[in-house]
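Visitor: coords below, sequence missing:
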């Protein structure tokens, strides 16, 4: 299972154009009884710990868009990492 | 304004802040208030690459003090008449509207920004498949009516993608719950680490399955972390994983008692 975890980590690095090498300090595996691979979470857990990279439409503010998404997915909390400039 | 808008759902909101101060990329359409020679436009715009002064505009939510912001690159895509289309990569908090205004001042003709599209937030760029509101509705429809998760899993990324640009440390299962409860990361808990970690770098702490546990600051560089057998190696800034997902291990303590 550790191999799958490391593969996932490397795919994240590739997505971010990182050229890092990994050094093993302690060679241990991970127990599949606890937690899960990030892409294998149960759907509710997946939704509630996810990132949407949205193509924001023109018109509504970022705040309004986030409010729509909260409603669509029935969420308590959702947020964007900053504001796009005020629309003209 | 359109473009890249990273949205964190529920738990992911705990870590979305790391993107707030990251670099951004935009494509902007600037309108000059008079015709200017193409060469002069290109030459003046390239002057704005590097550190520039900016005071936020009247309509802004931040303190309006004079600040220094860095422009990493400006690429003019097309000039047609008085319209200039350009791509700009800049430090977080840079106002492209103000940049256009200032370019106009230096050119002597004044200018304003007509249109702006954000094409990147850190490593999240528009060439990597953005999701539209329409696609999200489709994905939800499929799931609600046909129990089909495929599109939801395609359009909603695991929150680990938020920290993809950070150097990473993978920790042993036995160290996870302690950190989830607020402990600092000590040397014995480290299993695998990136060779590019520098002292003071923000790092992502993850399980050997790749799950995000916490974000912190490395107190020493990769080689030092590798070499040391004890002591705190990362100061935790924010815990993301819930406690009690990985087991509490007292066996580690038993070994510490034995070695003493």
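Guide: Yep, it's here. What you see is a predicted model; the values in this text were computed from it and never measured.
Visitor: how about stretch B:108-127: buried residues?
Guide: Going by neighbour count (16 or more other CB atoms under 10 Å in any protein chain shown), the buried part of stretch B:108-127 is B:109, B:111, B:113, B:116-126. Quick note: C-beta positions are derived from backbone N, CA and C, even for glycine.
Visitor: should've said stretch B:53-64
Guide: Going by 16+ other CB under 10 Å, stretch B:53-64 has these buried residues: B:54, B:56, B:60.
Visitor: Would you mind listing the residues in contact with the first one?
Guide: Contacts for residue B:54 (CB atoms under 8 Å, 6 or more residues apart in numbering or on different chains) come out as B:66, B:67, B:68, B:69, B:94, B:95, B:98, B:99, B:102.
Visitor: Mind doing that once more with 7 Å?
Guide: Neighbouring residues of residue B:54 by CB atoms under 7 Å, 6 or more residues apart in numbering or on different chains: B:67, B:69, B:94, B:95, B:98.
Visitor: The second one - that's part of a strand, no?
Guide: What that stands for is residue B:69. Yes - under DSSP: H, G, I helix; E, B strand; the rest coil, residue B:69 sits within a strand.
Visitor: next structured bit after the top helix by length along chain A?
Guide: In terms of residue count, the longest helix belonging to chain A (DSSP state H) is helix A:2-15. Once helix A:2-15 ends, the next helix or strand along the chain (criterion: DSSP states H and E) is strand A:22-24.
Visitor: That following strand pairs with which strands, and in what direction?
Guide: If you go by DSSP bridges, strand A:22-24 pairs up with strand B:190-194 (antiparallel).
Visitor: which residues are in contact with the partner strand?
Guide: A:20, A:22-26, A:28, B:167-172, B:208, B:222, B:225-226, B:233.
Visitor: among those residues, which ones are buried?
Guide: Counted by 16+ other CB under 10 Å, those give A:20, A:22, A:25, A:28, B:167-172, B:208, B:222, B:225-226, B:233 as buried.
Visitor: Which ones among the residues you listed map onto helices?
Guide: Per DSSP H, these map to helices at B:222, B:225, B:226.
Visitor: Give me the pLDDT for residue 80.
Guide: Chain wasn't specified; assuming chain A. pLDDT for residue A:80: 82.
Visitor: was after chain B, sorry
Guide: For residue B:80, the predicted pLDDT is 96.
Visitor: which phi and psi does residue 37 have?
Guide: Unless you meant another one, I'm taking chain A. Reported as degrees, to the nearest 10, the phi and psi values for residue A:37 are phi -60, psi 140.
Visitor: Chain B was what I was after
Guide: The phi/psi pair for residue B:37 (degrees, to the nearest 10) is phi -60, psi 130.
Visitor: and the gap between it and residue B:109?
Guide: Separation of residue B:37 from residue B:109 (CB to CB, to the nearest Å) stands at 11 Å.
Visitor: Around residue B:68, count how many other residues there are.
Guide: Applying other CB atoms under 10 Å in any protein chain shown, we find 9 residues neighbouring residue B:68.
Visitor: ok, now the one 3 residues further on?
Guide: A count of neighbours around residue B:71, defined by other CB under 10 Å, yields 20.
Visitor: Please apply the same query to residue A:33.
Guide: Neighbours of residue A:33 under the rule other CB under 10 Å: 8.
Visitor: Now flag whichever of the contacts of residue B:54 is closest to chain A.
Guide: residue B:95 (7.3 Å; CB to the nearest CB).
Visitor: hang on, the closest one packs against residue B:53?
Guide: No - if you go by CB atoms under 7 Å, residue B:95 and residue B:53 don't touch, sitting 11.6 Å apart.
Visitor: List the contacts of the nearest residue to residue B:91 once chain neighbours are set aside.
Guide: In space, and not counting its chain neighbours, residue B:91 is closest to residue B:70: 4.4 Å by CB to CB, 6 or more residues apart in numbering or on different chains. By CB under 7 Å, 6+ apart, the residues touching residue B:70 are B:50, B:51, B:90, B:91.
Visitor: got it, and residue B:181?
Guide: Shown in contact with residue B:181 (CB under 7 Å, 6+ apart): residue B:243.
Visitor: How confident is the prediction for it, by pLDDT?
Guide: 94.
Visitor: Show me where chain B has its helices.
Guide: In chain B, the helices defined using DSSP H lie at B:17-20, B:38-47, B:96-107, B:133-146, B:150-155, B:173-180, B:222-227, B:251-259.
Visitor: Would you reformat these as CSV and include distance to chain A?
Guide: Shown next, in CSV, are those (distance: least, CB to the nearest CB, whole Å):
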stretch, distance to chain A
helix B:17-20, 4
helix B:38-47, 19
helix B:96-107, 6
helix B:133-146, 6
helix B:150-155, 7
helix B:173-180, 5
helix B:222-227, 6
helix B:251-259, 12
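Visitor: Kind regards, and thank you for your time.
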